[in-house]
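Peer 1: Structure, please.
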Amino acid sequence: MAGRERVVRMSVEQPLWRALTAYRVLTLVYAALLAGFGRATFERPWVAVAFLAFLALWTLATLPRVANAASCTKRFLGLDLVVALTGILLTPLADLDAQHIDGPTLPSIWTAGSVLAFALKGGWRWAAFASTLVAAANIVERGEPSEDTFHNVLLVWVASIAIGYVVEVARASERTLARALEIEAATRERERLARDIHDSVLQVLAMVQRRGTALGGEAAELGRMAGEQEIALRTLVSSGLVPTTRVSEDSAEGAVVRVVAGESGQDEEDAEDAECDLRTLLAVHAGSRVSFAEPGAPVLLPAGAARELAAAVSAALDNVQVHAGTDAQAWILVEDEPDAVIVTVRDDGPGIPEGRLDQAEGEGRLGVALSIRGRLRDLGGTAELISVPGQGTEVELKVPKVSRGKAGSAR
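Peer 2: Residues are numbered from 1 along each chain as shown. Next up is the predicted model:
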């Protein structure tokens, strides 16, 4: 089907990247304040000023690089880590007493942001690599690892690996979600096509088979062939070998769901949202064998939902004609409640034997399962069938006023 594609991106990683962007700016300010308050202890304050000025320019210039996984390249991560390690190793040059006291390094906790970028980009293994290099630089800068140094190094190491592991789990969850959405979209599309086939081709083939058998002669042979094709087509529909909507995923950015829209684009979507009077769609069924009772006021539903509900009513009436006979009487009752629309289709036929619906579904006869229940399920509604042998059948179709989907949008 020719048309445009709407791409909906879902990624649990994106808030983490936004948080990392804010973290880098805040820790830059923190490192500058620490250096400002401790400037009297620096033997070479120009080293601290030069490094922090470079760190400020680097942080602000590279903010777009940490906006998402795609822009955060391996080359950038390497350079960013080099900046952090350089700041750590320059600390003794600016402050000669830095190796003898457990004071902060020049980049301070800004270094953790560099390690966290590795965790978000490549998971816990990348985080372990970056945090290990930071740990080694801190040990070299201190000369002898103290208890506080060991504590800080271990904290960064554990936190970055934990975040990297969480990111990997999130990505696996997104892949699972993408697959679930793909299966759901394929199932819904298959059921929609099956409903269309049942409402048209299968019913025509069944009618040809019945009429051909009744006429006999060459017509009987045509009827037999039509019956064979009906069985083959039902088997094809039941097996799921029908075209389906494609759904793909982008593992780097999260799940990507591609929904195929009609050629008319937004105009078609607006048409599906527009309300129409359900009574006008159901009134065409009224006749000598079908009584139609409706409220005096319009029964408004979104156009797509109204068409699907009318199609379900039509399928129920087709079942009356096929299973209850051409002489059966049917009644359609429309009720407009505050939160839902209820349409009841009742007949005076022989009813449905217990277990017959399950048997028909197992044989691939999906009229009730797809043309009725499937349509109502897609609308967020329900379809209840009550049948007593010898007392007819009643089908109650209930659709909420705010339906979950636009069932007709894919037509």
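Peer 1: for whichever strand or helix holds Ile88, which positions count as buried?
Peer 2: Taking DSSP states H and E as the definition, one finds Ile88 inside helix 74-94. Residues 77, 80-81, 83-85, 87-88, 90-94 are the ones in helix 74-94 that count as buried (16 or more other CB atoms under 10 Å). C-beta here means a position set from N, CA and C on the backbone, and glycine is covered the same way.
Peer 1: nearest to Phe42, of those?
Peer 2: Nearest to Phe42 out of the buried residues of helix 74-94 is Ala94 (CB to CB; 5.2 Å).
Peer 1: From Ala128, how far out is the residue lying closest to that closest one once chain neighbours are set aside?
Peer 2: Leaving aside its chain neighbours, Ala94 sits nearest to Val47 (3.9 Å; criterion: CB to CB, 6 or more residues apart in numbering). Val47 sits 31 Å away from Ala128, going by CB to CB, to the nearest Å.
Peer 1: From what I see, Thr62 and Asp80 are in contact.
Peer 2: Yes. With contact defined as CB atoms under 8 Å, Thr62 counts as touching Asp80 (7.0 Å).
Peer 1: now what about stretch 154-168, what contacts it?
Peer 2: 13, 16, 111-112, 115-116, 118-120, 122-128, 130-132, 134-135 (CB atoms under 8 Å, 6 or more residues apart in numbering).
Peer 1: coming back round to it: report the angle between whatever helix or strand comes next after the helix holding Ile88 and helix 74-94.
Peer 2: Next helix or strand after helix 74-94 toward the C-terminus (DSSP H and E): helix 110-122. Helix 110-122 runs at 160 degrees relative to helix 74-94, counting by axes from the mean of the first three to the mean of the last three CA atoms, to 10 degrees.
Peer 1: Counting by contacts, list what helix 110-122 packs against.
Peer 2: helix 14-37, helix 74-94, helix 124-142, helix 147-197 (3 or more CB pairs under 8 Å, 6 or more residues apart in numbering; DSSP states H and E).
Peer 1: Could you rerun that using 10 Å?
Peer 2: helix 14-37, helix 45-61, helix 74-94, helix 124-142, helix 147-197 (3 or more CB pairs under 10 Å, 6 or more residues apart in numbering; DSSP states H and E).
Peer 1: Point out where the protein drops to low pLDDT.
Peer 2: Within the chain, the stretches with pLDDT under 70 are 1-12, 39-40, 96-102, 144-149, 190-206, 228-273, 353, 355-371, 403-411.
Peer 1: Distance check, the residue sitting nearest the centre point of the chain against Arg188.
Peer 2: Central residue of the chain (CA atoms, centre = their mean): Leu181, 5.3 Å from the mean position. Separation of Leu181 from Arg188 (CB to CB) stands at 10 Å.
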